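>>> fold the following.
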Amino acid sequence: MLLTRIKGPRDLDRLSQEELDQLAAEIRSFLVDAVSKTGGHLGPNLGVVELTIALHRVFDSPKDKVLFDTGHQAYVHKLLTGRQDFAGLRTKGGLSGYPSRAESDHDVIENSHASTVLGWADGLAKANEVLGREDHHVAAVIGDGALTGGMAWEALNNIAAAKDRPLVIVVNDNERSYGPTIGGLANHLATLRTTDGYERFLARGKELLERTPVVGKPLFETLHGAKKGLKDFIAPQGMFEDLGLKYIGPIDGHDIEALESALQRAKRFSGPVIVHCLTQKGRGYTPALEHEADRFHAVGVIHPDTGLPVKTAAASWTSVFADEMVKLGHERADVVGITAAMLHPVGLNKFAEAFPDRIYDVGIAEQHGATSAAGLATGGVHPVFAVYATFLNRAFDQVLMDVALHKCGVTFVLDRAGVTGDDGASHNGMWDMSILQVVPGLRLAAPRDAEQLRAQLREAVEVKDAPTVVRYSKGVVGPAVPAVGRIGAMDVLRAPAPEVTRPDVLLVSVGALAPMCLEIADLLDKQGISTTVVDPRWVKPVDEALAPLADRHRVVVTVEDNGRTGGVGSAVAQALRDAGVDVPLRDFGIPQRFLDHALRKEIMAEIGLTAPDIARQVTGLVAKLDGRFDSEPAAAVD
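Take a look at the predicted model:
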C-alpha cells in the first residue's frame with residue numbers, strides 16, 4: 001500500500017499523478033474501515049482527501065502552517081503527517097478526533113469551535129511579517145458552513161486590509177456544515193458553483209494556448225489570475241475581490257493536479273488569496289452520500305458495508321427534548337425554534353418538519369442567534385434556542401446585554417452539558433453554570449431525568465420576563481428518579497429516618513448526577529452517616545428554602561457536572577453566607593482545567609467525580625467533625 005509508505009508530507013513529493021490518485025483511494029478505504037470501528041467524523045474527512053494531499057504537496061508543514069477550522073476534517077492530515085494508528089481514535093491514550101499539539105508539530109489549532117481559523121491565520125501571517133520570515137507561509141482551510149460565522153468576516157476584514165501580506169485561504173465548499181449551509185453567503189457560493197461560464201471559458205482557452213509553444217502555459221496562468229473585470233463579466237464572484245482579496249476558483253476539490261496548480265499560484269502571490277474549492281462531503285462512500293441529514297458528519301460504531309449502527313441507540317436526552325418541543329409547538333403557536341447550523345444534533349429537526357415556518361437556522365452564529373432571539377421575544381413570540389453548552393460561551397455578551405438586560409423571555413436549551421468525553425477539551429460543557437451565574441434575572445434548570453426535562457422545559461417557556469436555561473447531558477437518558485417529597489421548590493430524593501433530628505449531610509444533587517448522589521447516600525448510610533438528598537431542579541436562583549434546610553444539617557455537600565469555580569456549589573455557599581448559616585460545605589465538580597479526550601466514565605474517575613470517591617471524602621469530613629480524625633481513621637468506603 002502507498003499509504004503505509006507515507007511517514008511525513010515530503011514523502012508525497014515522490015509520487016506520480018497516478019500514484020496520488022491511488023493514495024486518495026487508499027485513504028478513503030482506510031477511513032471507512034477505521035472510523036466504522038471507533039466512531040468519529042467520517043463524512044467531512046472523506047470530502048477533503050485530495051485537498052489535504054494537495055495542501056501538503058504545495059506547503060512545507062510544519063514550517064508552513066496548515067490550519068483547519070473546527071478540525072473535524074483533519075483525519076487525512078493526521079495520516080499524511082505520520083499518524084496512521086487509528087485503533088484508539090477518540091479514546092484515552094489514542095489519537096484525538098481533532099488536531100492536537102501534543103500529537104504533532106504539524107497541528108496548530110486545538111480549539112474545535114468553528115469560524116476561528118481566519119483569526120489564527122491573520123495573527124500567524126502578521127508574526128511572519130514582523131519577524132521577516134519571508135519563506136514561511138500560512139494556509140487556512142475553512143468550510144462554507146464556518147463562513148456563516150461572524151468571526152470569520154471580522155478576520156476577513158483585517159486580512160483584506162494588508163494587500164501585501166501573504167496568506168492563502170482555502171474555502172472548502174461542500175454546501176454543508178452539519179446539514180446544508182444556509183444564508184446569503186451560501187446563496188452567493190451556490191451562484192459561483194453553478195455559473196460555469198468562466199471555467200468553460202478558461203478550459204477552452206487552455207486547450208488553445210497549450211497548442212502554442214513556449215508562451216502558451218505562462219499566458220494561461222496569467223489568464224487564470226485575470227483581473228476582476230473579466231471574472232465579473234463571466235461569473236459573479238466579485239464579493240471576495242470587493243473585499244480586496246484575490247480570488248481563484250471555483251476549483252474541483254477532487255482534482256489533485258488542479259488543486260496543486262491553484263495553490264501554487266496562491267502561494268506565489270504577495271498578498272491574501274482565496275482559493276475556492278468544490279468538494280463533496282462523504283465522497284466515495286455510498287451510505288454517507290445517501291444520508292441527506294448530514295452525510296455522516298459524525299457516526300458511532302457502524303457496519304462499514306451498510307453504514308448502519310452496530311447497536312440500536314437507546315433514548316437520548318436530545319430525543320426527549322425533540323419530542324417535547326413538537327408537543328409544545330402544537331400547543332403554543334408562539335413557540336419558535338432557533339439553531340446555529342445544528343438542526344439534527346440538537347434535536348430541532350422534528351420541530352422543523354412539523355413547523356417549517358417557525359424554525360430559524362442562523363448558521364454558525366451563536367451571537368446573532370441570541371440577539372435575534374431577543375428580537376423575537378420582544379416581537380411577541382417565545383424562542384427556544386437549542387445549542388451545545390460549550391458553544392453558548394461565545395454568546396455570553398448577548399445573553400447578558402441583549403436578552404437579560406431587556407428582560408426578554410428566551411429559553412436556551414443546552415445540549416451536551418457537563419463532561420462529554422471523546423470530543424476533547426473544547427467540547428466539554430463545563431462552563432455554562434459558572435458563566436451564567438452572573439447574569440441578573442436568569443433562571444437555570446438542570447433536569448435529572450426525562451420526566452423532569454419535559455416538565456422544566458414547559459416551566460421555562462412560561463417565563464416571559466427573563467431568560468431561562470435548561471441544560472442536560474450527552475447520550476442516553478437514565479432511569480426515572482422519583483421524588484419522595486418537596487421542600488420549597490426542591491425535590492427530596494432521599495430523606496433520613498424520622499427519628500434522626502439533625503441529619504449529618506445535606507447532599508445537593510445537580511441534574512443528571514442524581515443516581516450517583518443516591519449511590520453516595522447509600523455508601524454513607526453504611527458508615528452510619530445520615531443523609532438528605534435534594535434536587536433543586538432550578539439551580540439559579542438558589543431556592544430560598546435551601547438555607548434553613550442546610551441549617552438543620554451538620555454538613556452541606558454539592559455535586560455538579562460543571563466546573564467548580566463559580567458553579568452551583570459556589571452559589572449555594574454564597575446563599576448560606578448571606579443567610580448567616582455557618583455550616584461546613586464541600587463542593588464537588590469538575591476541576592478548572594482542560595480535560596483530555598476519553599470516555600466520560602474514565603474522565604469522571606480521573607477527576608474523582610464518582611460515588612466512592614465523594615463518599616470517602618464526606619466520610620472523612622464527618623469523622624473530623626466527630627473528633628475521630630486524629631485517633632480513629634474513617635473506615636474505607638468500597
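>>> quick check: buried residues in stretch 526-541?
Under the neighbour-count criterion of 16 or more other C-beta atoms under 10 Å, stretch 526-541 has 527, 529-540 buried. To be clear about C-beta, it is placed using only N, CA and C from the backbone, and glycine gets the same treatment.
>>> what of stretch 253-262?
Using 16+ other C-beta under 10 Å as the burial criterion, the residues of stretch 253-262 that qualify are 253-256, 258-262.
>>> which residues does it contact?
Contacts made with stretch 253-262 from outside it, assessed by C-beta atoms under 8 Å, 6 or more residues apart in numbering, are listed as 17, 20-21, 24, 47-51, 53-54, 57-58, 172-174, 248-249, 251-252, 275, 277-280, 283.
>>> among those, name the ones in helices.
Among those, the members found in helices (DSSP state H) are 17, 20-21, 24, 49-51, 53-54, 57-58.
>>> where along the stretch 301-450 of the chain do the strands fall?
Along the stretch 301-450 of the chain, the stretches classed as strands by DSSP state E, counting those that start in this stretch are 335-339, 359-361, 382-388, 411-415, 443-445.
>>> could you give the angle of the longest one to strand 411-415?
Strand 382-388 and strand 411-415 meet at an angle of 20 degrees, taking axes from the mean of the first three to the mean of the last three C-alpha atoms, to 10 degrees as the criterion.
>>> got it, and the first one?
Here the directions of strand 335-339 and strand 411-415 differ by 40 degrees (the same axes, to 10 degrees).
>>> who does strand 335-339 pair up with?
Looking at strand 335-339 with DSSP bridges, its paired strands and their directions are strand 359-361 (parallel), strand 382-388 (parallel).
>>> for the chain, longest strand please?
Scanning the chain for the strand with the most residues, using DSSP state E, yields strand 555-563.
>>> after that strand, next one along is what?
Reading on from strand 555-563 to the C-terminus, the next helix or strand found by DSSP states H and E is helix 568-578.
>>> now do the buried residues in that next one.
Of the residues in helix 568-578, 568-573, 575-576 count as buried by neighbour count, 16+ other C-beta under 10 Å.
>>> now swap in stretch 147-164 and tell me
Using 16+ other C-beta under 10 Å as the test for burial, stretch 147-164 gives 147-149, 151-152, 155-156, 159-160, 162.
>>> show residues contacting it.
Around stretch 147-164, the neighbours that count as contacts under C-beta under 8 Å, 6+ apart are 114-119, 121-122, 125-126, 142, 146, 165, 167, 169, 171, 177, 181-183, 185-186, 243-245, 270-272, 341, 362-365, 367-368.
>>> which ones among those residues map onto helices?
Counted as lying in helices by DSSP H, out of these, are 117-119, 121-122, 125-126, 185-186, 367-368.
>>> okay, the residues you listed in CSV with pLDDT and distance to residue 79 next?
As requested, the ones in helices among the contacts of stretch 147-164 are arranged in CSV below (pLDDT from 0 to 100; distance: C-beta to C-beta, whole Å):
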residue, pLDDT, distance to residue 79
117, 95, 20
118, 95, 25
119, 95, 27
121, 96, 23
122, 96, 28
125, 96, 27
126, 97, 31
185, 49, 31
186, 49, 30
367, 94, 35
368, 95, 36
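>>> can you redo those as a markdown table with neighbour count?
As requested, the ones in helices among the contacts of stretch 147-164 are arranged in a markdown table below (neighbours: other C-beta atoms under 10 Å):
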| residue | neighbour count |
| --- | --- |
| 117 | 26 |
| 118 | 27 |
| 119 | 19 |
| 121 | 26 |
| 122 | 23 |
| 125 | 23 |
| 126 | 16 |
| 185 | 17 |
| 186 | 20 |
| 367 | 19 |
| 368 | 18 |
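>>> so which two of those residues are the farthest from each other?
Using C-beta to C-beta, these span at most 29.7 Å, a distance reached by 126 and 186.
>>> quick one: residue 54 from residue 168, how far?
Plainly put, residue 54 is 12 Å away from residue 168 if you go by C-beta to C-beta, to the nearest Å.
>>> identify the contacts common to the two.
residue 263.
>>> among the ones in helices among the contacts of stretch 253-262, which ones are buried?
In those, burial by neighbour count holds for 20-21, 24, 49-51, 53-54, 57-58, counting by 16+ other C-beta under 10 Å.
>>> reformat these as a markdown table; add pLDDT.
Supplementary listing: these in a markdown table, determined by pLDDT from 0 to 100:
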| residue | pLDDT |
| --- | --- |
| 20 | 96 |
| 21 | 95 |
| 24 | 95 |
| 49 | 96 |
| 50 | 96 |
| 51 | 96 |
| 53 | 97 |
| 54 | 97 |
| 57 | 97 |
| 58 | 97 |
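>>> low pLDDT regions in the chain?
176-239, 628-638 (pLDDT under 70).
>>> could you pull out the buried residues of the helix or strand that contains residue 32?
Assignment of secondary structure by DSSP H and E places residue 32 within helix 17-38. Of all the residues in helix 17-38, those buried under the rule 16+ other C-beta under 10 Å are 20-21, 23-24, 26-28, 30-32, 34-36, 38.
>>> what about the strands in the stretch 101-250 of the chain?
Secondary structure of the stretch 101-250 of the chain, counting by DSSP E, counting those that start in this stretch: strands at 138-143, 167-173, 246-252.
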